[in-house]
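Quick one, fold the following:
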Amino acid sequence: MKSSRNRKKGMTLVEIIIALAIIGIMAISFLTIFTSSFSTIFSMGRRTKAMNDEAQMYMDQIYNGTAVASIDSLPNVDVFESSDSSGLRLITVTVTYSQNQSVKLTGLVP
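Next up is the predicted model:
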(Lines give C-alpha, C1' and ligand atoms only; values in the text may rest on other atoms or scores of the structure.)
Protein backbone atom coordinates (compact mmCIF):
# COMPACT_ATOMS: atom_id res chain seq x y z
CA MET A 1 0.00 0.00 0.00
CA LYS A 2 2.89 2.29 0.69
CA SER A 3 4.16 2.05 -2.91
CA SER A 4 0.90 3.35 -4.38
CA ARG A 5 1.17 6.54 -2.32
CA ASN A 6 4.68 7.30 -3.62
CA ARG A 7 3.55 7.33 -7.24
CA LYS A 8 3.38 10.86 -8.47
CA LYS A 9 1.83 11.95 -11.70
CA GLY A 10 3.80 14.20 -14.02
CA MET A 11 6.83 14.25 -16.24
CA THR A 12 10.39 13.48 -15.33
CA LEU A 13 13.26 15.86 -15.97
CA VAL A 14 14.57 13.65 -18.79
CA GLU A 15 11.20 13.76 -20.59
CA ILE A 16 11.11 17.56 -20.33
CA ILE A 17 14.66 17.90 -21.68
CA ILE A 18 13.87 15.61 -24.63
CA ALA A 19 10.67 17.54 -25.39
CA LEU A 20 12.56 20.86 -25.30
CA ALA A 21 15.24 19.46 -27.61
CA ILE A 22 12.62 18.35 -30.14
CA ILE A 23 10.87 21.73 -29.98
CA GLY A 24 14.22 23.49 -30.39
CA ILE A 25 15.13 21.46 -33.48
CA MET A 26 11.73 22.21 -35.02
CA ALA A 27 12.06 25.93 -34.21
CA ILE A 28 15.51 26.14 -35.81
CA SER A 29 14.26 24.50 -39.01
CA PHE A 30 11.29 26.89 -39.22
CA LEU A 31 13.51 29.91 -38.56
CA THR A 32 15.86 28.81 -41.33
CA ILE A 33 12.96 28.55 -43.77
CA PHE A 34 11.56 31.96 -42.75
CA THR A 35 14.98 33.62 -42.99
CA SER A 36 15.53 32.22 -46.46
CA SER A 37 12.04 33.28 -47.56
CA PHE A 38 12.44 36.83 -46.27
CA SER A 39 15.82 37.11 -47.96
CA THR A 40 14.28 36.03 -51.28
CA ILE A 41 11.34 38.40 -50.88
CA PHE A 42 13.58 41.40 -50.18
CA SER A 43 15.89 40.49 -53.06
CA MET A 44 12.98 40.27 -55.51
CA GLY A 45 11.59 43.54 -54.16
CA ARG A 46 14.87 45.33 -54.80
CA ARG A 47 15.06 43.83 -58.29
CA THR A 48 11.48 44.86 -59.09
CA LYS A 49 12.15 48.39 -57.83
CA ALA A 50 15.27 48.62 -60.00
CA MET A 51 13.32 47.45 -63.05
CA ASN A 52 10.50 49.87 -62.25
CA ASP A 53 13.02 52.71 -61.99
CA GLU A 54 14.45 51.68 -65.36
CA ALA A 55 10.97 51.60 -66.91
CA GLN A 56 10.24 55.03 -65.41
CA MET A 57 13.47 56.37 -66.93
CA TYR A 58 12.44 55.12 -70.37
CA MET A 59 8.93 56.50 -69.90
CA ASP A 60 10.43 59.90 -69.05
CA GLN A 61 12.61 59.74 -72.16
CA ILE A 62 9.56 58.97 -74.29
CA TYR A 63 7.64 61.82 -72.65
CA ASN A 64 10.51 64.25 -73.32
CA GLY A 65 10.98 62.92 -76.86
CA THR A 66 14.61 61.89 -76.38
CA ALA A 67 16.41 58.61 -77.01
CA VAL A 68 13.37 56.72 -78.29
CA ALA A 69 15.48 54.94 -80.91
CA SER A 70 17.87 53.61 -78.26
CA ILE A 71 14.96 52.19 -76.26
CA ASP A 72 13.79 50.07 -79.19
CA SER A 73 17.25 48.58 -79.62
CA LEU A 74 17.42 47.18 -76.07
CA PRO A 75 16.52 43.49 -75.88
CA ASN A 76 14.82 43.58 -72.47
CA VAL A 77 12.64 46.67 -73.04
CA ASP A 78 9.41 46.63 -75.05
CA VAL A 79 7.49 49.80 -75.84
CA PHE A 80 3.85 49.63 -76.92
CA GLU A 81 2.06 52.79 -78.01
CA SER A 82 -1.60 53.40 -78.80
CA SER A 83 -3.74 56.51 -79.20
CA ASP A 84 -6.50 57.52 -76.82
CA SER A 85 -9.79 59.11 -77.93
CA SER A 86 -8.77 62.36 -76.19
CA GLY A 87 -5.65 62.69 -78.31
CA LEU A 88 -3.28 61.36 -75.65
CA ARG A 89 -0.87 58.54 -76.37
CA LEU A 90 -1.08 55.50 -74.11
CA ILE A 91 2.46 54.17 -73.75
CA THR A 92 3.36 50.92 -72.01
CA VAL A 93 7.00 50.18 -71.23
CA THR A 94 7.73 46.59 -70.25
CA VAL A 95 11.15 45.74 -68.82
CA THR A 96 11.76 41.98 -68.76
CA TYR A 97 14.22 40.30 -66.46
CA SER A 98 14.76 36.59 -66.03
CA GLN A 99 12.58 34.43 -68.24
CA ASN A 100 9.05 34.97 -66.96
CA GLN A 101 9.33 38.12 -64.85
CA SER A 102 8.76 41.67 -65.98
CA VAL A 103 7.76 45.13 -64.82
CA LYS A 104 5.16 47.02 -66.79
CA LEU A 105 4.68 50.79 -66.57
CA THR A 106 1.80 52.48 -68.39
CA GLY A 107 1.25 56.20 -68.78
CA LEU A 108 -0.55 58.79 -70.85
CA VAL A 109 1.65 61.16 -72.86
CA PRO A 110 0.36 64.27 -74.64
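
C-alpha from now on. contacts and neighbour counts both.
Fine.

Can you check what pLDDT the model gives residue 22?
pLDDT, residue 22: 96.

what's the answer for residue 75, then?
pLDDT at residue 75 comes out at 59.

Next: residue 48.
Note on residue 48: pLDDT of 76.

Look up the closest residue to it, ignoring the ones flanking it.
Spatially, and ignoring its direct neighbours in sequence, residue 48 is nearest to residue 103 (6.8 Å; C-alpha to C-alpha, 6 or more residues apart in numbering).

Name the strands paired with the helix or strand hosting that neighbour and say parallel or antiparallel.
Using DSSP states H and E, residue 103 sits within strand 101-109. Its sheet considered, strand 101-109 pairs with strand 89-97 (antiparallel) by DSSP bridges.

what comes into contact with the strand it pairs with?
For strand 89-97, contacts defined as C-alpha atoms under 8 Å, 6 or more residues apart in numbering pick out 51-52, 54-55, 58-59, 76-84, 102-110.

how about a cut-off of 7 Å?
51, 55, 59, 76-84, 102-110 (C-alpha atoms under 7 Å, 6 or more residues apart in numbering).

before we move on, what about stretch 50-57?
So stretch 50-57 is in contact with 93-95, 103, 105, going by C-alpha under 7 Å, 6+ apart.

Poorly predicted segments of the protein, please.
For the chain, the stretches flagged by pLDDT under 70 are 1-7, 67-75, 84, 97-99, 110.

For this structure, which segments are assigned as helices?
Along the chain, the stretches classed as helices by DSSP state H are 2-5, 13-64, 68-72.

looking at those, which is closest to residue 88?
Residue 88 lies closest to helix 13-64 among these, at 11.3 Å (C-alpha to C-alpha).

how much distance is there from the strand holding residue 103 to the middle of the chain?
18 Å (C-alpha atoms, centre = their mean, to the nearest Å).

what do you get for stretch 25-42?
How far stretch 25-42 lies from its chain's middle: 15 Å, per C-alpha atoms, centre = their mean.

mind listing what's buried in that stretch?
For stretch 25-42, burial by neighbour count (16 or more other C-alpha atoms under 10 Å) applies to no residue.
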